[in-house]
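Undergrad: coords please:
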Amino acid sequence: MSDKIQVNGGGIGFWGLLTILFIGLKLGGVITWSWFWVLSPLIFTAALAVLIIISIILLIVIGSLK
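TA: Numbers count the residues shown, from 1 in each chain. So this is what the prediction gives:
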């Protein structure tokens, strides 16, 4: 038998790397964007996750009303 343990982690992902890049460029003075646009990859992905969760909850509630 093998004693190997396999861990499948998602890692930081594209949007996380893009956010880190934007923050580095902002702090380095390369870009003069507002912090909203610098953090927009995080804001938009969080908003998308919230919308998906709300949609699932609504589908469950509507399905239970029938």
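Undergrad: all contacts plus neighbour counts: C-alpha atoms, from now on.
TA: Noted.
Undergrad: contact partners for the residue nearest to the spatial centre of the chain?
TA: The chain has Thr45 as the residue nearest its centroid, 4.1 Å off, counting by CA atoms, centre = their mean. Shown here is Thr45, whose contacts under the criterion CA atoms under 8 Å, 6 or more residues apart in numbering are Trp15.
Undergrad: and the helix or strand where it lies, what's buried?
TA: Counting by DSSP states H and E, the secondary-structure element that holds Thr45 is helix 40-65. Neighbour counts using 16 or more other CA atoms under 10 Å place Ser40, Pro41, Leu42 of helix 40-65 among the buried residues.
Undergrad: how close does Ala46 get to Gly16?
TA: Counting by CA to CA, to the nearest Å, the gap from Ala46 to Gly16 is 12 Å.
Undergrad: same deal with Ile57?
TA: Between Ile57 and Gly16 the computed distance is 27 Å (CA to CA).
Undergrad: over to Ser55?
TA: Taken as CA to CA, the span from Ser55 to Gly16 is 24 Å.
Undergrad: can you check Ile62 too?
TA: Per CA to CA, Ile62 is found 34 Å from Gly16.
Undergrad: same check, this time on Ser64
TA: Separation of Ser64 from Gly16 (CA to CA) stands at 37 Å.
Undergrad: can you check Asn8 too?
TA: Noted for Asn8: a distance of 18 Å to Gly16, by CA to CA.
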